[in-house]
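> Okay, structure incoming, though there's no sequence with it:
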């Protein structure tokens, strides 16, 4: 990882798993600690996620300027856009870096929809893969590059587990088997449960506990 | 010219023309998506073929292809100043912001990629530096001319590669929009070969002062795409 560039965090996972909600939970936590964050949202067929985050995080909560939330279309190839040919994403990220020298972190959300999603190391320094319990407790056991290779596995919607017949202990057991010592976190992005832990992982493993640039300058 | 050198050119041509080469073109429909979702939603392969001809003959050929030809010659002469002049001119001719940004992003990334395996090419480095210092935009046809020259690919073939890549990108987006199926796509590419050749031969040697483009219907399509709220493609 180059020390010159702003650290980049990729967030991938199936449609509806809670990628956007995770960002909406984590960014306020990071902002409360003075970290300045930019977001690139790769949507499969719309700009809805980017519009929503712009509305909630930039316009609504005032956590970032609106131009720090950028939506990017992927031509129906969301996996290509973050792995085989991340050129458009890299361009957008670099434009963001050049316009905002005080950025601490750039989040790149990928609207992929299958379990083989991974990020090119040229694009993301750290990779969070998010799944939800509604897919059944077999999900981690089914493996896939995303679940196996991500730096942090996030399992969302734990509140509905009893209603969809999902046993969280099975998911935890399988996650440990499949991922070895690599971490996983159970969350409920609806009420924020567990998202503080995700933010802690980001601060420790992506930002290496460096102080926010704005604070370091003071 | 030895056989080894010819082979290297050929391989460089294959490398830069390969859809695996990272240019981001797969994410662009050049307004086709807007056409698909407009009232003219139903489009057949023949209609698509005619549409691509209009793009080539009235937009990409007389503008991008001429820009490429001029920049290739300037790269050959190591004349950065002329390259920057064409860069500024062709960039300002891209009327639609969405297209201009996409062209620039692709151009910068193709330069960076080639620079990674050809780190010592004088004009490539100078042009790359000019982009970093905001003296140039890095628009795609100019960047493509510079990397084609750096790879030792002859000018006419560099032009053909760009025109071919553009045509394939449009056919690919039509395929993903469900306008046609894969074999029809290849038939269109084959059918367009004479037009691609003619487009290059007609435009690549023209001076910068005679660059033009006039396809208002396509401009409007591309503006419509820029304003679509829900879309799969960047352009």
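Everything's here; your move. Predicted model, so just to flag it, every value in this text is computed and none were measured.

> Please report how far residue A:26 lies from residue A:205.
As for residue A:26, its distance to residue A:205 is 13 Å (criterion: Cβ to Cβ, to the nearest Å). All C-beta spots, glycine's among them, are computed from the backbone N, C-alpha and C.

> and these two? which has more neighbours close in?
residue A:26 (26 against 16; other Cβ atoms under 10 Å in any protein chain shown).

> isn't the more buried one right up against residue A:198?
Yes - with contacts defined as Cβ atoms under 8 Å, residue A:26 counts as touching residue A:198 at a distance of 5.6 Å.

> Quick check: which ranges of the chain have low pLDDT?
By default, I'm working from chain A. Counting by pLDDT under 70, the low-confidence segments of chain A come to A:1-3, A:112-114.

> um, chain B though
Chain B contains residues with pLDDT under 70 at B:1-6, B:39-42.

> Which secondary structure element is home to the residue most central in space within it?
Residue closest to the mean C-alpha point of chain B, counted by Cα atoms, centre = their mean, is residue B:162 at 4.7 Å. Taking DSSP states H and E as the definition, residue B:162 sits inside helix B:155-177.

> Close to chain B: what parts of chain A are there?
Residues of chain A that fall close to chain B, judged by Cβ under 8 Å from any Cβ of the partner chain: A:44-48, A:72-77, A:80-81, A:84-88, A:90-92.

> Sort out which of the residues you listed are in helices and list them.
Judged by DSSP state H, the subset of those located in helices is A:48, A:80, A:81, A:87, A:88, A:90, A:91, A:92.

> quick one: the fourth one and residue B:105 touch, right?
Yes - using Cβ under 8 Å, residue A:87 makes contact with residue B:105 at a distance of 7.1 Å.

> Now for these two: what residues contact both?
Among the neighbours of residue A:87, those also in contact with residue B:105 (Cβ atoms under 8 Å, 6 or more residues apart in numbering or on different chains) are residue B:24.

> what residues are up against residue 126?
If you meant another chain, say so; for now it's chain A. The neighbourhood of residue A:126, defined by Cβ under 8 Å, 6+ apart, consists of A:7, A:8, A:9, A:10, A:151, A:152, A:202, A:205, A:206.

> meant chain B, my bad for not saying
Contact criterion Cβ under 8 Å, 6+ apart gives residue B:80 as the residues in contact with residue B:126.

> Just the element for it, please.
In the assignment (DSSP H and E), residue B:126 maps to helix B:122-132.

> buried stuff in that helix?
Residues of helix B:122-132 classed as buried under the neighbour-count rule (16 or more other Cβ atoms under 10 Å in any protein chain shown) are B:123, B:124, B:125, B:126, B:127, B:128, B:130, B:131.

> Check stretch A:38-48 too.
When neighbours are counted by 16+ other Cβ under 10 Å, the buried residues of stretch A:38-48 are found to be A:38, A:39, A:40, A:41, A:42, A:43, A:44, A:46, A:47.

> Phi and psi next, for the last one.
The main-chain torsion angles of residue A:47 are listed as degrees, to the nearest 10 and equal phi -110, psi 20.

> Count the neighbours of the closest residue to it other than its chain neighbours for me.
Leaving aside its sequence neighbours, residue A:47 sits nearest to residue A:71 (Cβ to Cβ, 6 or more residues apart in numbering or on different chains; 4.1 Å). Other residues near residue A:71 come to 22 when the count uses other Cβ under 10 Å.

> try residue B:193
Residues near residue B:193, counting by other Cβ under 10 Å, number 12.

> Let me see the contact set for it.
By Cβ under 8 Å, 6+ apart, the contact set of residue B:193 is empty.

> now the helix or strand encompassing it against helix B:155-177, angle please.
Assigned by DSSP H and E, residue B:193 falls within helix B:182-203. Calculated by axes from the mean of the first three to the mean of the last three Cα atoms, to 10 degrees, helix B:182-203 forms an angle of 150 degrees with helix B:155-177.

> re the thing from before, quick one, which of the ones in helices among the residues of chain A next to chain B are buried?
Buried subset of these (neighbour count, 16+ other Cβ under 10 Å): A:80, A:81, A:87, A:88, A:90, A:91, A:92.

> Could you measure from the last one over to residue A:42?
By that I understand residue A:92. The value you get for residue A:92 to residue A:42, if Cβ to Cβ is used, is 10 Å.

> distance between the helix holding residue B:162 and the chain's centre?
On the basis of Cα atoms, centre = their mean, to the nearest Å, helix B:155-177 is displaced by 7 Å from the centre of the chain it belongs to.

> Would you mark the buried spots in it?
Burial within helix B:155-177, assessed by neighbour count using 16+ other Cβ under 10 Å, is assigned to B:155, B:157-177.

> What about chain A: which of the residues you listed touch it?
Among those, the residues lying close to chain A (Cβ under 8 Å from any Cβ) are B:173, B:176.
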